[in-house]
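>>> only geometry, no sequence info:
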């Protein structure tokens, strides 16, 4: 199956693609992983893709079974959420009906696709003029081409330790209802707690959803396996090939996916086989520990320089458990305890302190 080329920029580009039409019409299980992988690699095109699905379903006149009351309820709900001016880039058909055509398309989309596992972005209601912002401008992509792990600081203050030859894509702003990132390769996540905004990691093989915890995700095109390992908290892992087989992982549990679709192996106490120097196995628990010693450990773990006056902090100590806490939050908590401050300058942490008596 030939996937849609990455240079597709209009609804017509999607609808004119035979693979897209076959996928939307037949939804063959063998195509689901391919399209989920394509969306994971091209998140800026998700909105355009959804518009193309809605348009194609409307053109096809996909048959749906709904009672009159269900039609009324769904139409009222969708119309209430639609903006006053619903804009589709270079529309494929005449959109003079505006809101009603959009509602019909979305109803078809919701009903027909409700059993699928593709996440659709909700419409928002606003009285302000709709401004078309290039989707790619909302995202940042970080590729680690260095020979050591790289700490990535996210807008919500979560942190990701990105392994060599891995890539992370995330929104530049933290104002969205979901905190979504797209990973290719390997990353260790420490997520800021925010029950109102789930944190979701998409990969080609699996989707991981959390509210606030620390865990490792590994999934790459080169490997035949993918896995999630949980250090603190709890996560929900859903294989792309088996959306109805979500698995809940708790502390020290792991899920490994093999090459067979939907075959996941859950294990407990993976730390017994883990490299003790790996960040997921390293405890960040301190009891009256000298602060310079803690900073040395953080530098070694996150590969981010921490600049401070060692002699001034030689008598400072810290007691606390920092497992599962994002990198900068670790720094902040230590600084609060020793009445100091910090800032990030040129990819390094600079500590300002008067020392400890």
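Looks like it arrived, so ask away. In this text, all values refer to a predicted model and were calculated from it rather than measured experimentally.
>>> Quick check: buried residues in stretch 289-302?
By neighbour count on 16 or more other CB atoms under 10 Å, the buried set for stretch 289-302 is 289, 291-292, 294-295, 298, 301-302. (C-beta placed from N, C-alpha, C; glycine too.)
>>> Off-centre distance for that stretch?
Centroid displacement of stretch 289-302 relative to its chain, using CA atoms, centre = their mean, to the nearest Å, is 29 Å.
>>> Let's test this: mean pLDDT of it, rounded?
Averaging pLDDT along stretch 289-302 gives 95.
>>> What of stretch 202-215?
For stretch 202-215, the mean per-residue pLDDT is 88.
>>> what's the answer for stretch 313-323, then?
Across stretch 313-323, pLDDT averages out at 94.
>>> Start and end of it, how far apart?
23 Å (CA to CA, to the nearest Å).
>>> what's the answer for stretch 230-247, then?
End-to-end span of stretch 230-247 (CA to CA): 12 Å.
>>> any idea of the mean pLDDT for it?
For stretch 230-247, mean pLDDT is 88.
>>> So which bits of it are buried?
Counting neighbours by 16+ other CB under 10 Å, one finds that the buried residues in stretch 230-247 are 230-233, 235-243, 247.
>>> Next: stretch 195-206.
Buried-residue list, stretch 195-206, by 16+ other CB under 10 Å: 197-206.
>>> And for stretch 306-314?
306, 308, 312-313.
>>> Next: stretch 329-342.
Neighbour-count burial for stretch 329-342, with 16+ other CB under 10 Å as criterion, is recorded at 329-332, 334-335, 338, 340, 342.
>>> what sits up against it?
Outside stretch 329-342, the residues that touch it by CB atoms under 8 Å, 6 or more residues apart in numbering are 157, 192, 284, 291, 294-295, 298, 306, 313, 316, 318-320, 322, 325, 349-354, 356.
>>> and with 7 Å instead?
Stretch 329-342 is contacted by residues 157, 284, 291, 294, 298, 316, 318, 320, 322, 349-353, 356 when judged by CB atoms under 7 Å, 6 or more residues apart in numbering.
>>> Tell me which stretches of the stretch 201-350 of the chain form helices.
Applying DSSP state H, counting those that start in this stretch to the stretch 201-350 of the chain gives helices spanning 291-302, 327-337.
>>> Those helices: which one's closest to residue 225?
Closest approach to residue 225 among the helices of the stretch 201-350 of the chain (CB to CB): helix 291-302, 25.1 Å.
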